[in-house]
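Novice: Generate a structure from the sequence data that follows.
(chains A, B, C and D)
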There are 2 protein chains.
Amino acid sequence: MEQPGEIKKVSMAVIKRLPKYYKCLGNLLKNNVERVSSQDLSKILGFTASQIRQDLNNFGEFGQQGYGYNVLQLYTEISKILGLNTLHKMVLVGAGNLGQALANYSEFRTHGFDIIAIFDTNPNLIGRKINNTPIYSVEDMEYFINENDVDIAILTVPKDKTEKVVEVLSKTCIRGIWNFTPAEITTDDDTDDIIVENVHLIDSLFTLSYRINEDKLQERLLKQKRKIFPDCR
Amino acid sequence: MEQPGEIKKVSMAVIKRLPKYYKCLGNLLKNNVERVSSQDLSKILGFTASQIRQDLNNFGEFGQQGYGYNVLQLYTEISKILGLNTLHKMVLVGAGNLGQALANYSEFRTHGFDIIAIFDTNPNLIGRKINNTPIYSVEDMEYFINENDVDIAILTVPKDKTEKVVEVLSKTCIRGIWNFTPAEITTDDDTDDIIVENVHLIDSLFTLSYRINEDKLQERLLKQKRKIFPDCR
DNA sequence: TAGATTGTTAATCGATTAACAATC
DNA sequence: TAGATTGTTAATCGATTAACAATC
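Specialist: Numbering: from 1, shown residues only, chains lettered A, B, ... in the order given. Now for the predicted structure:
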């Protein structure tokens, strides 16, 4: 049994499902749906109703027996849980192709994530703007972040520049790094309060490749086994 | 006990670790390391040695007692498991900011993933090239994919265009969709052999936001509980 | 040979699902 | 009130870790 004051660590599996709940409730809200049961959500999201109730009860008791959940209330609660009720200041480090694409992505701002500065080393870019956001020299990054209370740094620099940038970031008030580089980021002990969220595109592509290839692979494995156990199916 | 001919389904948790093994072995290879034990790998990757041996034994017996694993051999085996030993033809659908960034990303080609065509509806783009890859009209997509035996479609179209594009793709020989749109892709029964790999950027950002916010959240939850159980820590 | 390290079985841990009393 | 649906405990399932005989 759980003790009253105990802080139960929420598992990553649950955390990864929160954005799905949030988006689903947002859609229901748009469609003027007022109440929703865990069973309704189950049908939409493909999770079991039981899992949905378990997930939500990590954070409080948002439902009502015999009624279900009020869509607006649950939506608001989850937005608070995800930290979407406050504005987030972001900087983007590395104004290459991917960096520029992200700087032009308006969806982030819609949800309260505002890119207020871009940093690069290329003198041809410094002083220019992308999507109305100014590009500064990385030299000025440390000062700027601390001065403007920036939350999140988006990392879109080349792999071999990553370590150096992270070193600078670890001297700032940055709380999270959204890492689009292929590098694995390690922060030393005194900075392990910086959260790193990786978007490892190559890993994602490799995973897709594996799954496309899986049937052929299983056949090959089976054939190999038949050599050892000739009478198997 | 497992039957000889049985096909054991490999769990997604294992699959997601395969690219990490692959990259790690690639690095060792570059550094001329010839052999490696599960314990060595454990230190580098942060998985337990036991887990590493379990993972690898999903696909065969690649090691040798008392010796460990031959780096080159294991690297080669995992590359085959991931399907990286064959070339993959890809098309990119949607030449917006993100699409253009991905078209310029050379890392994919390095690993045998070749973008051979880009499709868009914008007449100003059709006929032009990005990173030497021609942009065609989406009208020609179905024919092109089937004619050229394309494996993978990269989806970087606006959300509301996704369904229509997927409908067309489901009539082709496409094996996998690498989905960068916020849409959840559902393929009907006759096309459920198309594998979908999602890169949901907003979900990733929300997850980061949650984790940055977690400490504050736990405090708030604790405070709420104290109202009910006033004597808890 | 002795030491090292695998492949694999058994034990443990954690996450998901089922069940149901509480209650709106 | 009766039906519906929650929050929560218990059961199950699956993934990770530990242990160790086999063997290079």
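Novice: near chain B at all, the longest helix belonging to chain A?
Specialist: Using DSSP state H, we find that the single longest helix of chain A is helix A:201-228. Yes. For helix A:201-228, a contact with chain B is found by CB under 8 Å from any CB of the partner chain, at A:201-214, A:216-218, A:221-222, A:224-226, A:228. In this view, the C-beta of every residue, glycine as well, is placed from N, C-alpha and C.
Novice: What is the neighbour count of whichever residue of chain A sits closest to DNA strand C?
Specialist: Proximity of chain A to DNA strand C (CB to the nearest atom of the strand) peaks at A:G66, 2.3 Å away. Other residues near A:G66 come to 6 when the count uses other CB atoms under 10 Å in any protein chain shown.
Novice: what kind of secondary structure is it in?
Specialist: coil (DSSP: H, G, I helix; E, B strand; the rest coil).
Novice: Tell me the pLDDT of it.
Specialist: We have a pLDDT of 95 for A:G66.
Novice: what does A:E219 give?
Specialist: pLDDT at A:E219 comes out at 81.
Novice: how close does it sit to B:E61?
Specialist: Look at A:E219 and B:E61: by CB to CB, to the nearest Å, they are 18 Å apart.
Novice: How about A:F108?
Specialist: Applying CB to CB, the value for A:F108 to B:E61 is 47 Å.
Novice: In terms of neighbours, single out the busier of the two.
Specialist: Using other CB under 10 Å, the more surrounded residue of A:F108 and B:E61 is A:F108, with 20 against 7.
Novice: what's the burial count for A:V14?
Specialist: Look at A:V14: counted by other CB under 10 Å, it has 16 neighbours.
Novice: for A:R175, same thing?
Specialist: A:R175 has 20 neighbours, counted by other CB under 10 Å.
Novice: Wait, it touches A:D151, no?
Specialist: Yes. Contact status for A:R175 versus A:D151: in contact at 5.2 Å, counting by CB atoms under 8 Å.
Novice: Overlap in contacts, these two.
Specialist: By CB atoms under 8 Å, 6 or more residues apart in numbering or on different chains, A:R175 and A:D151 have these common neighbours: B:I212.
Novice: residue ranges for the strands of chain A, please.
Specialist: Applying DSSP state E to chain A gives strands spanning A:35-36, A:63-64, A:68-70, A:88-93, A:113-120, A:129-130, A:133-137, A:152-155, A:176-179, A:195-198.
Novice: Mind listing the strands the last one pairs with, and their directions?
Specialist: In its sheet, strand A:195-198 lies beside strand A:176-179 (parallel), with partners assigned from DSSP bridges.
Novice: Could you check the partner strand and say which residues are buried?
Specialist: Buried residues in strand A:176-179, counting neighbours by 16 or more other CB atoms under 10 Å in any protein chain shown, are found at A:G176, A:I177, A:W178, A:N179.
Novice: Which of those sits closest to DNA strand D?
Specialist: Here the nearest of the buried residues of strand A:176-179 to DNA strand D, counting by CB to the nearest atom of the strand, is A:N179; it sits at 21.5 Å.
Novice: Next, the contact list for the closest one, please.
Specialist: Contact partners of A:N179, counting by CB under 8 Å, 6+ apart, are A:L155, A:T162, A:I185, A:V196, A:E197, A:N198, A:V199.
Novice: Please apply the same query to A:E219.
Specialist: Not one residue lies near A:E219 by CB under 8 Å, 6+ apart.
Novice: my guess is A:H88 contacts A:F113, does it?
Specialist: Yes. Between A:H88 and A:F113 there is a contact under CB under 8 Å: 4.7 Å.
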